[in-house]
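J.: Need a 3D model of the following:
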Amino acid sequence: MAEALRLAEENISSGNGGPFGAVVVKDGKIIARGSNHVTSNNDPTAHAEVVAIREACTVLGDFQLKGCEIYCSCEPCPMCLGAIYWARPERIYFAASRQDAADAGFDDDFIYREISLNPGQRSIPAGQLLREEALHVFRQWKESDRKIPY
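T.: Okay, the predicted model is just below:
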């Protein structure tokens with residue numbers, strides 16, 4: 001956790017992005033590091049956790065982080081939490097809470113609240129289109145002999 005916090009602090013002084021850092025650990029060793037590069041890369045997905053997950057998957061040569069732990073300087077935002085669940089590590093540890101992030105001006109807690117709303121009631125309304133066509137695609141996936149389940 002100390003390394004995740006060091007990365008977050010270093011990111012502030014470098015001006016590369018927000019005050020967030022993350023590391024992926026396997027067998028007691030750090031295999032990947034990430035810090036927030038949203039503003040320096042003009043990439044809203046370049047959160048510390050996502051950067052660390054991408055690096056760890058490259059190191060491991062796998063799209064899943066089996067046997068790994070992720071240490072985050074802050075409770076993961078909904079996007080990062082989703083990425084972490086898709087990566088399937090064994091455990092997540094975090095230092096600051098999403099409420100702490102909200103107090104510092106970040107949207108994490110707001111987005112968590114938005115997710116619980118009906119899609120049409122969110123601040124960015126969502127609507128469903130072409131469901132039957134989409135179900136056709138999922139039927140193809142279920143029948144495919146080329147899929148790699150995840």
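J.: For the chain, just list every one of the strands.
T.: 21-26, 29-35, 68-74, 91-96 (DSSP state E).
J.: Starting from the last one, tell me which strands it pairs with and how they run.
T.: Okay, so that is strand 91-96. strand 68-74 (parallel) (DSSP bridges).
J.: Flag every buried residue along the partner strand.
T.: C68, I70, Y71, C72, S73, C74 (16 or more other Cβ atoms under 10 Å). (Each C-beta comes from the backbone N, C-alpha and C, glycine too.)
J.: Stretch 77-92 now?
T.: C77, P78, C80, L81, A83, I84, A87, P89, I92.
J.: pretty sure A83 is in contact with V51, am I right?
T.: No - applying Cβ atoms under 8 Å, one finds A83 not in contact with V51, separated by 10.2 Å.
J.: returning to what we had before: can you redo the buried residues of strand 68-74 as CSV with distance to T45 and pLDDT?
T.: Listed next are those as CSV, based on distance: Cβ to Cβ, whole Å; pLDDT from 0 to 100:
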residue, distance to T45, pLDDT
C68, 20, 98
I70, 16, 98
Y71, 20, 98
C72, 16, 98
S73, 18, 98
C74, 16, 98
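J.: would you list those in a markdown table and tack on distance to D145?
T.: As requested, those are exported to a markdown table (distance: Cβ to Cβ, whole Å):
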| residue | distance to D145 |
| --- | --- |
| C68 | 30 |
| I70 | 33 |
| Y71 | 39 |
| C72 | 38 |
| S73 | 43 |
| C74 | 42 |
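J.: Can you tell me which of the residues you listed is nearest R146?
T.: Comparing these against R146 with Cβ to Cβ picks out C68 as the nearest, at 27.2 Å.
J.: show me the contacts for the closest one.
T.: Shown in contact with C68 (Cβ atoms under 8 Å, 6 or more residues apart in numbering): V24, V25, K26, I31, A56, L60, A87, P89, E90.
J.: hey, what's it bridged with?
T.: Beta-bridge partners, per DSSP bridges, of C68: K26.
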